[in-house]
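S.K.: Following is a predicted model, sequence given first.
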Amino acid sequence: QVECITCYSSYDLCSRLPRRLYCGHTFCQACLKRLDAVANEQRWIPCPQCRQNTPTPRGGVTMLDLDLATFLAIKADKEHPRVAGRSQPDSATKDLCKEKAVTQQPAGLCQGAVPLAPFPRRSCCQSCMCC
């Protein structure tokens, strides 16, 4: 899935980041911003597909989880286009984003849960990648 099923626009790395609701459905960030509404003194995002409500996180829609598989596919396609006729990314398309996109999970959610890998502190040889 490379496009939002609500607006039929392709996901991108700027304003149309693929964001996942609690129900598991994914839509572009722009559509989710339009759906964000107040009901019973709480901000909610109703899913356009199954109608399940997702509470809007503090910080707004940009704090919802990314659909990581879709995001990585878009990022890889932008960095290394597979079709011969596609142009390489240029500075003009990179500068279209007026606001910095939130493409990481908020700090402190899961970083402490995974221990660091025990890599050697000093190099054991010149040719291996582990050092």
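M.R.: Received it, and whenever you're ready, just let me know what you need. Numbers count the residues shown, from 1 in each chain.

S.K.: from here on, contacts and neighbour counts on C-alpha atoms
M.R.: Will do.

S.K.: hmm, who's touching the top strand by length along the chain?
M.R.: When every strand of the chain is counted residue by residue (DSSP state E), the longest turns out to be strand 42-46. When contacts are taken as C-alpha atoms under 8 Å, 6 or more residues apart in numbering, the neighbours of strand 42-46 outside the stretch itself are 32, 35-38, 52-56.

S.K.: Can you tell me which of those residues comes closest to Leu21?
M.R.: Thr54 (6.2 Å; C-alpha to C-alpha).

S.K.: and the closest one, how far is that from Val38?
M.R.: 12 Å (C-alpha to C-alpha, to the nearest Å).

S.K.: Next, Lys33: secondary structure please.
M.R.: Of the three states, Lys33 takes helix under DSSP: H, G, I helix; E, B strand; the rest coil.

S.K.: and what of Lys78?
M.R.: Counting by three-state DSSP, the three-state call for Lys78 is helix.

S.K.: Could you report the pLDDT at it?
M.R.: Lys78 is assigned 82 on the pLDDT scale.

S.K.: In this structure Thr62 contacts Gln29, no?
M.R.: Yes. Thr62 sits in contact with Gln29 when judged by C-alpha atoms under 8 Å, with a separation of 7.0 Å.

S.K.: then stretch 11-30 to PDB, C-alphas only?
M.R.: These are the backbone C-alpha positions of stretch 11-30, laid out as PDB (Å, rounded to 0.1, in the frame of the first residue of the first chain):
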ATOM      1  CA  TYR A  11       2.500   8.700   1.100                       C
ATOM      2  CA  ASP A  12       5.600  10.900   1.300                       C
ATOM      3  CA  LEU A  13       8.200  11.800   3.900                       C
ATOM      4  CA  CYS A  14       6.800  15.200   4.700                       C
ATOM      5  CA  SER A  15       3.100  16.000   5.300                       C
ATOM      6  CA  ARG A  16       1.700  12.700   4.100                       C
ATOM      7  CA  LEU A  17       3.600  10.300   6.400                       C
ATOM      8  CA  PRO A  18       1.800   7.000   6.900                       C
ATOM      9  CA  ARG A  19       0.400   7.000  10.500                       C
ATOM     10  CA  ARG A  20      -1.200   4.000  12.200                       C
ATOM     11  CA  LEU A  21      -4.300   4.300  14.300                       C
ATOM     12  CA  TYR A  22      -4.900   2.000  17.300                       C
ATOM     13  CA  CYS A  23      -7.200  -0.200  15.200                       C
ATOM     14  CA  GLY A  24      -4.200  -0.900  12.900                       C
ATOM     15  CA  HIS A  25      -5.400   1.000   9.900                       C
ATOM     16  CA  THR A  26      -3.000   3.400   8.200                       C
ATOM     17  CA  PHE A  27      -3.800   6.800   6.700                       C
ATOM     18  CA  CYS A  28      -1.700   9.800   5.700                       C
ATOM     19  CA  GLN A  29      -0.900  12.400   8.400                       C
ATOM     20  CA  ALA A  30      -2.800  15.100   6.500                       C
END
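
S.K.: Alright, I will stop here.
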